[in-house]
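S.K.: Sequence and predicted structure, then a few things I'm wondering about:
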Amino acid sequence: MTIGQKIADTNSLIAVNYPAALLRLCQREGISSHAVLENTDYCAETLASAKGFIAFEQYKQMIRNASAEFDQPNLGLLLGSELGLTTHGMLGIAALASLTYGDAIILTSRFFKCRFPVIECAYKEMDDYVYLELQENISIEGVKPFLIESIFTSLRDVSKLLISDHYEKIEFEFDFPDPGYGKEYIKTLGNKIHFNRPVNRMIVPKAVKFMSLKMAEPLTRELAEKSCEKVLKNFSQQSSIAEKIRMLLCCDEHELLNFTFPQMEKIAANLNMSPRTLRRRLKLEGTCLQELVDEIRKKLALRYLTETQLSITQISSQLDFNDASYFTKSFKRWIGITPSQYREG
């Protein structure tokens, strides 16, 4: 499948470069391509020559197959080390040609979906640090550690290329426990790693953000950026109704304190359909407006707790909860701890 074909949900795709890289790694380790591609729609020759995007479910099956055959648990970390700049396509080229490291990571956040639609990458600044925060757009349970490991390892390796030894100052936080091979994490990502944190994020000292890059080339960056913008435009045109609503509910930094949830009627009007048609279309996609609103509530709750001084009651009201106790109960279901514990931590 390529981006030019009709897509049911753009969140359920993955750039073909990543499954192709996984297949090459496994073949080099003596694992047959047949074993890795079992129960998928691909053979080795087809996958190697494919362009654009494939269904994420196909990649998940490949990960499960490869993990079953691999004699080491750190497959995600190993794959991350295989993902060089060229694997990331025009996004990698644009990052390489950026003027500063900060410019490169902001651009990475902006166009992350061009390569990894299943995960949202948000850029944030606070105090003395900047962050790249990862949040899944669809369920990635069962392969989550693998995906986060491979992404963070690749980001660290690319950072090493861009800023030399300063990459050692980067920290990584994971929202899951130590998977049992923490020594491999340290070997691959350094000793600034933290498990059982509320979110998955890369933390960069703000001073590093302003470092100039030796391979900066404004014209190359501009051309690569335009290519990434074209992919995003295609995604927007082919998005599912659910994805269009997610984009409609997306809240920019400057809108955070003034954000309000639009009513069903307003959302339907924005999409040029009646509320009844909107409900029917969402049902066909296996979701409903309330589920989409709760997705945004969770993301906004994390931002309100970390980026504002609003009280728990004020945040509850901002998120359209009837009372603070119901917000606290919902937040604990999402994150595993209360809003107060999250803010204190």
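M.R.: Received it, and whenever you're ready, just let me know what you need. Residues are numbered from 1 along each chain as shown.
S.K.: mind listing the strands for the stretch 51-200 of the chain?
M.R.: 53-55, 119-126, 129-136, 171-173, 193-194, 200-205 (DSSP state E, counting those that start in this stretch).
S.K.: Out of the ones you listed, which is closest to T306?
M.R.: strand 119-126 (7.1 Å; C-beta to C-beta). Yep, even glycine has a C-beta here, placed from its N, CA and C like the rest.
S.K.: ok so, going back, I'd like the strands of the stretch 51-200 of the chain as CSV, with mean pLDDT, distance to K183 and mean neighbour count appended.
M.R.: Formatted as CSV, those follow (pLDDT from 0 to 100; distance: least, C-beta to C-beta, whole Å; neighbours: other C-beta atoms under 10 Å):
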stretch, mean pLDDT, distance to K183, mean neighbour count
strand 53-55, 88, 33, 21
strand 119-126, 89, 26, 17
strand 129-136, 92, 23, 19
strand 171-173, 97, 15, 20
strand 193-194, 94, 11, 14
strand 200-205, 96, 20, 20
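S.K.: any idea of the pLDDT on T306?
M.R.: Listed pLDDT for T306 reads 84.
S.K.: got any ranges where the protein has weak pLDDT?
M.R.: 1-10, 236-239, 251-259 (pLDDT under 70).
S.K.: Domain parsing of it, as residue ranges.
M.R.: 10-218, 240-344 (automatic domain parsing).
S.K.: Mean neighbour count, these: which tops it?
M.R.: For the domains of the chain, ranked by mean neighbour count under the definition mean count of other C-beta atoms under 10 Å, the leader is domain 10-218 at a mean of 18.
S.K.: Need the phi and psi values for T338.
M.R.: Main-chain torsions, T338, degrees, to the nearest 10: phi -80, psi 160.
S.K.: again with A50
M.R.: According to degrees, to the nearest 10, A50 has phi -70, psi 150.
S.K.: Distance of it relative to T40?
M.R.: Using C-beta to C-beta, to the nearest Å, we find A50 at a distance of 12 Å from T40.
S.K.: do you know how far L248 is from L232?
M.R.: Taken as C-beta to C-beta, the span from L248 to L232 is 16 Å.
S.K.: Same question for I170.
M.R.: Taking C-beta to C-beta, one finds I170 at 26 Å from L232.
S.K.: same deal with D103?
M.R.: For D103 relative to L232 (C-beta to C-beta), the value is 18 Å.
S.K.: What of N191?
M.R.: On the measure of C-beta to C-beta, N191 and L232 end up 36 Å apart.
S.K.: before we move on, the earlier item: can you redo the strands of the stretch 51-200 of the chain as TSV with distance to L13?
M.R.: Conversion of the strands of the stretch 51-200 of the chain to TSV gives the following (distance: least, C-beta to C-beta, whole Å):
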stretch	distance to L13
strand 53-55	4
strand 119-126	11
strand 129-136	13
strand 171-173	25
strand 193-194	29
strand 200-205	20
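S.K.: Quick one, which of the ones you listed gets closest to L284.
M.R.: Judging those by C-beta to C-beta, what sits closest to L284 is strand 53-55, at 18.1 Å.
S.K.: in its sheet, what does that closest one sit against?
M.R.: Note on strand 53-55: by DSSP bridges, its sheet partners are strand 13-15 (antiparallel).
S.K.: could you dump the helix or strand following the strand it pairs with to CSV, C-alpha only?
M.R.: Using DSSP states H and E, the helix or strand that follows strand 13-15 towards the C-terminus is helix 17-28. Once non-C-alpha atoms are left out, helix 17-28 reads as follows in CSV (Å, rounded to 0.1, in the frame of the first residue of the first chain):
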residue,chain,number,x,y,z
ASN,A,17,11.2,1.5,5.7
TYR,A,18,10.8,0.3,9.3
PRO,A,19,9.5,-3.2,8.6
ALA,A,20,12.0,-3.5,5.8
ALA,A,21,14.8,-2.6,8.3
LEU,A,22,13.5,-5.2,10.8
LEU,A,23,13.5,-7.9,8.1
ARG,A,24,17.2,-7.1,7.1
LEU,A,25,18.3,-7.2,10.8
CYS,A,26,16.6,-10.6,11.3
GLN,A,27,18.1,-12.0,8.1
ARG,A,28,21.6,-10.9,9.2
